[in-house]
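Enquirer: quick one: sequence and predicted model below, then my questions.
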Amino acid sequence: MNGISIPHLLSVIRPNSESPSEQDRRPKLPDQIKGIGKEDLQILLTELYRGEVEDRGNTFIDIAGTELAENIETAAKWMMGSKVKSCLLLRGTLGSGKTTMLEALYSLYHRFCRNVWKCKALDVYEQYQAKLDKAGSCFDELRKASFLFLDDLGIESDQFRNYGIEHAPLPELIYYRYDKQLPTVISTNLSEKLLVSRYGGRVQDRFQEMCTIVRFRADSYREIIGKPAE
């Protein structure tokens with residue numbers, strides 16, 4: 001990514017002396033940055049976000065006091081976080097910056113961790129169909145991934161039938177990861193109402209319990225990224 005020196009950022013990390021007890025949290029931090037303080041983690045995530053923005057040919061300006069800064073802080077808290085909140089749900093309209101956040105987080109975990117997967121919700125549907133067809137499929141790998149980054153929840157088909165049996169790939173994946181408390185980052189355009197309408201109350205209940213929700217607004221993102229770089 002443009003101008004991003006992750007090794008330099010890691011070299012100046014200060015140990016966190018105020019971490020919650022292990023009984024109260026289940027950190028989702030890669031081993032290489034365990035002990036990082038929240039402020040340093042926010043700096044790291046901001047730089048990763050900056051890299052994603054600049055890779056798209058846009059400029060990135062100071063975000064102090066903006067919604068994006070608050071969202072990065074929420075993401076950092078989730079990473080340092082809770083044994084209950086195993087999922088980070090990035091919710092916003094098209095172009096609001098939620099996918100950029102997902103990509104920034106993925107770039108960090110992909111660098112340091114094993115068994116990290118990223119896909120679109122439509123891919124889950126297609127991989128599930130391939131599994132039923134006994135073709136090459138990575139659905140089980142997605143379901144069991146140590147860290148899963150799922151983009152665009154809601155663009156896939158709701159359900160489908162195979163030999164008269166109804167299947168719901170996304171709920172199946174979500175239930176499994178909920179039960180195992182596997183860290184998952186999800187982006188979606190769906191409001192809470194549409195989420196219930198599409199997947200039902202049971203899935204919504206799981207989201208309420210397992211998710212830290214981060215909300216993005218398109219107007220605030222456009223103000224932050226500025227004009228495309230020359």
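Expert: Thanks, I have it.

Enquirer: what helix or strand is the spatially most central residue of the chain located in?
Expert: For the chain, Val185 is the residue whose C-alpha lies nearest the centre (C-alpha atoms, centre = their mean; 2.4 Å). Here Val185 sits within strand 184-188, counting by DSSP states H and E.

Enquirer: ok, Asp31 - contacts?
Expert: Phe112 (C-beta atoms under 8 Å, 6 or more residues apart in numbering). All C-beta atoms are positioned from the backbone trio N, CA, C, and that covers glycine.

Enquirer: kindly report the same for Leu108.
Expert: Taking C-beta under 8 Å, 6+ apart, one finds 30, 44-45, 48 in contact with Leu108.

Enquirer: and if you look at Ser86?
Expert: 26, 28, 177-178, 181-184, 210.

Enquirer: cool, and Gly200?
Expert: Gly200 neighbours (C-beta under 8 Å, 6+ apart): Pro171.

Enquirer: pLDDT at it, what is it?
Expert: On pLDDT, Gly200 comes in at 79.

Enquirer: hang on, the earlier thing: tell me which residues are up against the strand holding Val185.
Expert: Contacts for strand 184-188 (C-beta under 8 Å, 6+ apart): 86-92, 98-99, 101-102, 105-106, 147-154, 174, 177, 195, 210-211.

Enquirer: next SSE downstream of it?
Expert: Taking DSSP H and E, what comes next after strand 184-188 is helix 192-199.

Enquirer: tell me what the helix or strand following that next one is packed against?
Expert: Sequence order places helix 201-210 as the next helix or strand after helix 192-199, per DSSP H and E. Based on contacts counted as 3 or more C-beta pairs under 8 Å, 6 or more residues apart in numbering; DSSP states H and E, the elements that helix 201-210 packs against are strand 87-92, helix 169-180, helix 192-199.

Enquirer: returning to what we had before: now the strand holding Val185, how far from the centre of its chain.
Expert: 4 Å (C-alpha atoms, centre = their mean, to the nearest Å).

Enquirer: sorry, back to before: the residue nearest to the centre of the chain bridge partners, please.
Expert: For Val185, the beta-bridge partners are Leu88, Phe149 (DSSP bridges).

Enquirer: what ranges does the protein have for its helices?
Expert: 6-11, 38-55, 67-80, 98-112, 121-132, 139-144, 169-180, 192-199, 201-210, 218-225 (DSSP state H).
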